[in-house]
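[1] Need coordinates for the following:
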Amino acid sequence: MLKRFTAITMVALLFSLFGAAERTFAQNNQNVSGVVVDAEDGDPLPGVSIQVQGTSRGTSTDIEGAYSLTVSSSDVLIFSFGSYEV
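    Numbering: from 1, shown residues only. Below is the predicted model of the structure:
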């Protein structure tokens, strides 16, 4: 009886830990969005690439210069347009 109680307790503890880890991971992700515009005239820039540094995750701006990307708090975004990179 004690072995069964211990096994059930361990399984419940593991599920609790996995659930806590999943909630922590989900809280660190956030949606980042914005509009990329020309610094001189303020016109939107379509086709700007936005990539999470060191990954293949990324997006590009739409016809109105808007983008949206889910990132974690430690991610670094790289913006590039033609031969320019920021």
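[2] Residue 47 and residue 41, how far apart?
    Between residue 47 and residue 41 the distance is 17 Å, computed by Cβ to Cβ, to the nearest Å. Glycine gets a C-beta too; all of them are placed from N, C-alpha and C.
[3] Who has more neighbours out of those two?
    Between residue 47 and residue 41, counted using other Cβ atoms under 10 Å, residue 47 has the larger neighbour count: 12 against 6.
[4] any idea how far residue 80 is from the nearest residue to the more buried one once chain neighbours are set aside?
    Nearest in space to residue 47, with sequence neighbours left out and distances taken as Cβ to Cβ, 6 or more residues apart in numbering, is residue 60 at 6.0 Å. Per Cβ to Cβ, residue 60 is found 10 Å from residue 80.
[5] Need the overlap of contacts for the two.
    48, 49 (Cβ atoms under 8 Å, 6 or more residues apart in numbering).
[6] how far away is residue 71 from residue 43?
    26 Å.
[7] okay, those two: which has more neighbours?
    A side-by-side neighbour count of residue 71 and residue 43, using other Cβ under 10 Å, places residue 71 first with 17 against 9.
[8] Mind telling me what element the more buried one is part of?
    In the assignment (DSSP states H and E), residue 71 maps to strand 66-72.
[9] what's the next secondary structure element after that strand?
    Next helix or strand after strand 66-72 toward the C-terminus (DSSP H and E): strand 77-81.
[10] Buried residues of that next one, list them for me.
    Buried residues in strand 77-81, counted by 16 or more other Cβ atoms under 10 Å: 77, 79, 81.
[11] quick check: mean pLDDT across stretch 75-86?
    For stretch 75-86, mean pLDDT rounds to 83.
[12] Ignore what I typed, I meant stretch 50-63.
    pLDDT averaged over stretch 50-63 gives 96.
[13] next one: stretch 37-46
    Mean pLDDT, stretch 37-46: 92.
[14] And for that stretch, what's in contact with it?
    By Cβ under 8 Å, 6+ apart, the surrounding residues in contact with stretch 37-46 are 35, 36, 61, 62, 63, 64, 65, 66, 81.
[15] Lovely, talk soon.
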